[in-house]
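Colleague: Provided below are the primary sequence and the corresponding predicted coordinates.
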Amino acid sequence: MTSPTEPALAGIPIADVILGMGVLASVLCTIAPRSRFAQSMGLLGLGVLTTLVWLRLDSVDVALAEASIGGGILAAILVWISTKAPSNPSPDAAAPTRWTWVRPAVGTLCAVTLTVILSSVWLRAEQALPAWDASLSRNMEATGVEHEITGVLLVFRFYDTLLESAVLMLTGVAVLALGRGDAGARAGVDVSFAARPPIPSTLQWFIRVIAPVLFLAGLWLLFAGSSDSGGAFQSGAVLCAVLILLRSAHIPMVTLTRRWLMPLLVAGVLAFILSALTHLSAPFPFPVLLGVEVLLTLGIAAGLYAIYLSLENPA
Amino acid sequence: MMAAALSAGLDLGAFSQVQWYLVLGTAIAVIGAVRMLLTRDLVARLIALNVTGIGSLMIILALAARTDQSSNSGAQATENDPVLSALVITGLVITVAFTGLGAVLIRRIEAPPRVEPEAESALDSIASPDAEEDEQP
Amino acid sequence: MSGIIELAGLALVIGGAFFFTAGTLGLIRFPDLRSRLHALTKADNLGLGMLLAGISLLLGSWTAAAILGLTWILALGAASISAHVLSGIEARQQGEP
């Protein structure tokens, strides 16, 4: 948070001004290039600077989520898409248009409309404090967790968390269904066992050594979420990163992918719905909450890993 | 309404960290949205949609930080608004979900069309998960 | 005593930033993959180590120093293994056309 002794420019701390300029520069580096590879790398750089912005705004949870999900898993997705689909089949300049003023006019109109709408939202909201502050702090002891964001995610607004996990589950189902291969229920994951290029043995050794460390870090993030920064989503992203690393090392995971990927994908959402249906009046007791959170984490890891697997799949 | 709010903001003569990030988030969201609407390349659209998401999340998190400053002066600083922070985390997860789905869809859309197998062998291979035909990805 | 520690921490942080800048400059300007990997693995990791050491001095806690040291070791491992794999791939690509 900004202390009164920080150097400031018209009330804004200098660190924020420099960081904001850097973020704008990386946005332009992401938007402007024509090559897909440059755009993907620009987005990754933007993600790193955005993590710093979240830290400046005093939110460690969001910074952890951005670093793990936005930086780690998104990096895997973007690297695949920019190396496997490197060329743009329909470049902008090649499209003939009858009226050349349409595109700049539409762009300007959309920009003005969006600016007006967004500014009116935050100009109104900026002066008013949120109405849920007092009731939130009053009801935190009844939830069983000490960290407020985890309490919000798992107890007060658990409908949002349920729908978010359902979105990730449906995304996993959709990408597995899009996989090419032989027809059948396991078409999506079967192609992941095809032959892959050889890797040096040092990579395999290194991944075998650090995978338990990362696994421990992921588990710690899950259980630390009850009293400190952390939570199910950050932990699920780190666990998915462990799976991706194991796959890069060609460590055989046939049983995991064939038998456990799809059940894990749906177990979190199902457990959440079942426990919500059986506890209609009060927040869940702590063992149920913990079980649901563990299954949610595994479901998130499975969903992100399914996305990664399907990126290798379609020809 | 907006003119009154603008003049109220300019009267102070100084801005705050929250306002700086609000303006920055608006700028990023507008740049990303306009780029997404005007370009034809599918991957550029996906990346611009990501940038728009980052801009809008910056607006929400800057609003979450505003409770910090209004109750700051000498008293113990309270935490960020947890409801808005939870919304931002939800937004990040959904961003990576739709980016992944979009990436898979883009690869299918832009992939060269492959020769479909015969209908009978397709029906046969439904019964047994491992079929003889080896599709090279 | 604490003034010396703070000064040492600041010096380490500034030195780390300098090495990071040098590494990035090398990444941009070097002509070859191998020399770029040199810049990435040597200069960047030294800069990271100095930065983390300076931060742990400024924070003043042994727990933070231990966790930051573990982070540095993991980053070292990741950078060196990635450099090894990348140069192996390039050697294979250039050896067999």
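Modeller: Sure, I can see it. Keep in mind the model is a prediction, meaning the values are calculated, not measured.
Colleague: Please name the residues that touch the residue in chain C that chain A sits nearest to.
Modeller: Across chain C, the shortest distance to chain A (CB to the nearest CB) belongs to residue C:81, at 4.6 Å. The way it works is simple: take the backbone N, C-alpha and C, and place the C-beta from them, glycine included. By CB atoms under 8 Å, 6 or more residues apart in numbering or on different chains, the residues touching residue C:81 are A:202-203, A:206.
Colleague: Distance check, it against residue A:206.
Modeller: Applying CB to CB, to the nearest Å, the value for residue C:81 to residue A:206 is 5 Å.
Colleague: ditto for residue B:62
Modeller: Residue B:62 is 40 Å from residue A:206, by CB to CB.
Colleague: Pick out whichever of the two has more residues nearby.
Modeller: Each of residue B:62 and residue A:206 has its neighbours counted (other CB atoms under 10 Å in any protein chain shown); residue B:62 has more, 25 against 20.
Colleague: Regarding that one, what is its secondary structure?
Modeller: Of the three states, residue B:62 takes helix under DSSP: H, G, I helix; E, B strand; the rest coil.
Colleague: I'd like the next helix or strand past the helix or strand of chain B with the lowest mean pLDDT.
Modeller: In chain B, no helix or strand scores lower on mean pLDDT, DSSP states H and E than helix B:2-12, which sits at a mean of 47. Next helix or strand after helix B:2-12 toward the C-terminus (DSSP states H and E): helix B:17-38.
Colleague: Going by residue numbers, what spans are strands in chain A?
Modeller: Using DSSP state E, the strands of chain A run over A:8-9, A:12-13.
Colleague: any chance of the ones you listed in TSV, plus distance to residue A:291, mean neighbour count and mean pLDDT?
Modeller: TSV is the format used below for the strands of chain A (distance: least, CB to CB, whole Å; neighbours: other CB atoms under 10 Å in any protein chain shown; pLDDT from 0 to 100):
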stretch	distance to residue A:291	mean neighbour count	mean pLDDT
strand A:8-9	48	16	70
strand A:12-13	44	20	80
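Colleague: Can you report how many residues lie near residue A:274?
Modeller: Other residues close to residue A:274 by other CB under 10 Å number 12.
Colleague: now residue A:140
Modeller: By other CB under 10 Å, neighbour count at residue A:140 equals 18.
Colleague: Tell me, how many residues neighbour the nearest residue to it once chain neighbours are set aside?
Modeller: With CB to CB, 6 or more residues apart in numbering or on different chains as the criterion, residue A:140 has its nearest non-adjacent residue at 5.6 Å, and that residue is residue A:151. Residues lying near residue A:151 (other CB under 10 Å) number 24.
Colleague: my guess is residue A:151 meets residue A:142, correct?
Modeller: No. The pair residue A:151 / residue A:142 is not scored as a contact, 9.3 Å apart, by CB atoms under 8 Å.
Colleague: For residue 73, which residues are in contact?
Modeller: I'll assume chain A. Residue A:73 neighbours (CB under 8 Å, 6+ apart): A:237, A:240-241, A:304, A:307-308, B:96, B:100.
Colleague: list the buried ones in stretch A:265-279?
Modeller: Using 16 or more other CB atoms under 10 Å in any protein chain shown as the test for burial, stretch A:265-279 gives A:265-269, A:271-272, A:275.
Colleague: Next: stretch C:52-62.
Modeller: Buried residues in stretch C:52-62 (16+ other CB under 10 Å): C:52-57.
Colleague: For residue B:20, state which of these is nearest.
Modeller: Nearest to residue B:20, judged by CB to CB, of the buried residues of stretch C:52-62 is residue C:55 at 25.4 Å.
Colleague: and the host helix or strand of that closest one with chain A, contact?
Modeller: Element membership for residue C:55 (DSSP H and E) is helix C:44-59. No. Helix C:44-59 stays clear of chain A (CB under 8 Å from any CB of the partner chain), getting no nearer than 13.3 Å.
Colleague: Can you show me the CA trace of that helix as PDB?
Modeller: This file holds the C-alpha atoms of helix C:44-59, laid out as PDB (Å, rounded to 0.1, in the frame of the first residue of the first chain):
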ATOM      1  CA  ASP C  44      20.600 -13.600 -15.500                       C
ATOM      2  CA  ASN C  45      21.000 -16.200 -12.800                       C
ATOM      3  CA  LEU C  46      23.800 -14.300 -11.200                       C
ATOM      4  CA  GLY C  47      21.600 -11.200 -11.300                       C
ATOM      5  CA  LEU C  48      18.700 -13.200  -9.800                       C
ATOM      6  CA  GLY C  49      21.000 -14.500  -7.000                       C
ATOM      7  CA  MET C  50      22.200 -11.100  -6.100                       C
ATOM      8  CA  LEU C  51      18.700  -9.700  -6.200                       C
ATOM      9  CA  LEU C  52      17.300 -12.400  -3.900                       C
ATOM     10  CA  ALA C  53      20.200 -12.100  -1.500                       C
ATOM     11  CA  GLY C  54      19.700  -8.400  -1.300                       C
ATOM     12  CA  ILE C  55      15.900  -8.900  -0.700                       C
ATOM     13  CA  SER C  56      16.500 -11.400   2.100                       C
ATOM     14  CA  LEU C  57      19.000  -8.900   3.700                       C
ATOM     15  CA  LEU C  58      16.400  -6.100   3.500                       C
ATOM     16  CA  LEU C  59      13.700  -8.400   4.800                       C
END
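Colleague: Can you report how many residues lie near the closest residue to residue A:267 other than its chain neighbours?
Modeller: Leaving aside its chain neighbours, residue A:267 sits nearest to residue A:295 (4.9 Å; criterion: CB to CB, 6+ apart). Using other CB under 10 Å, residue A:295 has 21 other residues around it.
Colleague: Distance to chain C and pLDDT for the contacts of residue C:81 - can I get that in TSV?
Modeller: As requested, these are exported to TSV (distance: CB to the nearest CB, whole Å; pLDDT from 0 to 100):
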residue	distance to chain C	pLDDT
A:202	6	84
A:203	5	86
A:206	5	89
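Colleague: Tell me which entries of those lie within helices.
Modeller: Using DSSP state H, the members of the contacts of residue C:81 that fall in helices are A:202-203, A:206.
Colleague: of all these, which comes closest to residue A:35?
Modeller: residue A:203 (28.1 Å).
Colleague: Kindly confirm whether my reading is correct that the closest one touches residue C:88.
Modeller: No. Applying CB under 8 Å as the test, residue A:203 and residue C:88 come out as separate, 9.0 Å apart.
Colleague: re the thing from before, looking at the strands of chain A, which is nearest to residue A:22?
Modeller: strand A:12-13 (14.1 Å).
Colleague: Just give me how far the closest one sits from the chain centre.
Modeller: Using CA atoms, centre = their mean, to the nearest Å, the mean C-alpha position of strand A:12-13 is found 29 Å from that of the whole chain.
Colleague: Can you spell out which helices and strands pack onto it?
Modeller: Judged by 3 or more CB pairs under 8 Å, 6 or more residues apart in numbering or on different chains; DSSP states H and E, the packing partners of strand A:12-13 are helix B:17-38.
Colleague: Can you tell me the centre-most residue of the chain?
Modeller: Here I'm looking at chain A. residue A:69 (3.5 Å; CA atoms, centre = their mean).
Colleague: meant chain C actually
Modeller: Short answer for chain C (CA atoms, centre = their mean): residue C:45, at 1.4 Å.
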